[in-house]
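Asker: take this sequence and fold it.
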Amino acid sequence: MSELVCVGSIAGAFGVRGELRVKSFCANPTDLEKYNPLLTEDGKKSFDLSLIGQVKNGFSARVVGVNSKDEADSLRGTSLFTERESLPALPTDEFYYSDLIGMQVADTGGSILGKVRSIMNHGADDLLEITVEGASDTALVPFTKAVVPTVDLASGRIVIDPPEGLL
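Answerer: Predicted coordinates:
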């Protein structure tokens with residue numbers, strides 16, 4: 001099976017006829033339905049999803065075969081994935097989160113600092129969560145051009161220039 005990338009999630013039921021509340025993680029949120037069939041992380045289930053309206057923090061949607069509130073509720077928390085090959089190519093200096101996780105992080109002098117554990121966004125800028133070598137805690141680094149001047153996907157390496165005292 002090819003690599004899967006999370007493009008959305010099911011937040012629960014919406015109404016009593018099997019409609020769902022879904023969250024899209026796509027740059028253009030309505031693109032979620034373009035990646036049908038959407039898969040579970042293990043690839044064992046697939047969903048043919050169609051967006052039917054906007055709701056607070058997402059969309060209402062229908063999935064073929066889901067016809068009741070109970071069936072919709074049973075899918076709550078399901079992450080929706082698509083095959084990596086079906087995603088569009090990105091312009092320079094844009095990255096899929098899944099490509100950054102696990103990348104080695106070095107400072108501008110070449111010293112290895114750790115690896116990217118996750119990427120977070122709490123409403124402002126993205127943050128790289130870095131597992132710092134020799135430390136029990138992780139560090140959060142703003143994912144801005146000033147702090148992260150280089151992302152080299154080919155070599156699996158990110159160069160950061162953290163503000164003094166950050167690490």
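
Asker: separation between residue 151 and residue 161?
Answerer: Here the distance between residue 151 and residue 161 works out to 13 Å (C-beta to C-beta, to the nearest Å). All C-beta atoms are positioned from the backbone trio N, CA, C, and that covers glycine.

Asker: shouldn't residue 79 be in contact with residue 6?
Answerer: Yes: judged on C-beta atoms under 8 Å, residue 79 makes contact with residue 6 at a distance of 5.1 Å.

Asker: overlap in contacts of the two?
Answerer: residue 41 (C-beta atoms under 8 Å, 6 or more residues apart in numbering).

Asker: for burial, what's the neighbour tally of residue 92?
Answerer: Residue 92 has 5 neighbouring residues, counting by other C-beta atoms under 10 Å.

Asker: so it belongs to a strand, correct?
Answerer: No: going by DSSP: H, G, I helix; E, B strand; the rest coil, the assignment for residue 92 is coil, not a strand.

Asker: need the three-state assignment for the residue of the chain positioned farthest from its centre.
Answerer: What lies farthest from the middle of the chain is residue 109; by C-alpha atoms, centre = their mean that is 30.0 Å. Under the three-state scheme (three-state DSSP), residue 109 adopts coil.

Asker: for it, give me its contacts.
Answerer: Counting by C-beta under 8 Å, 6+ apart, residue 109 has no contacts.
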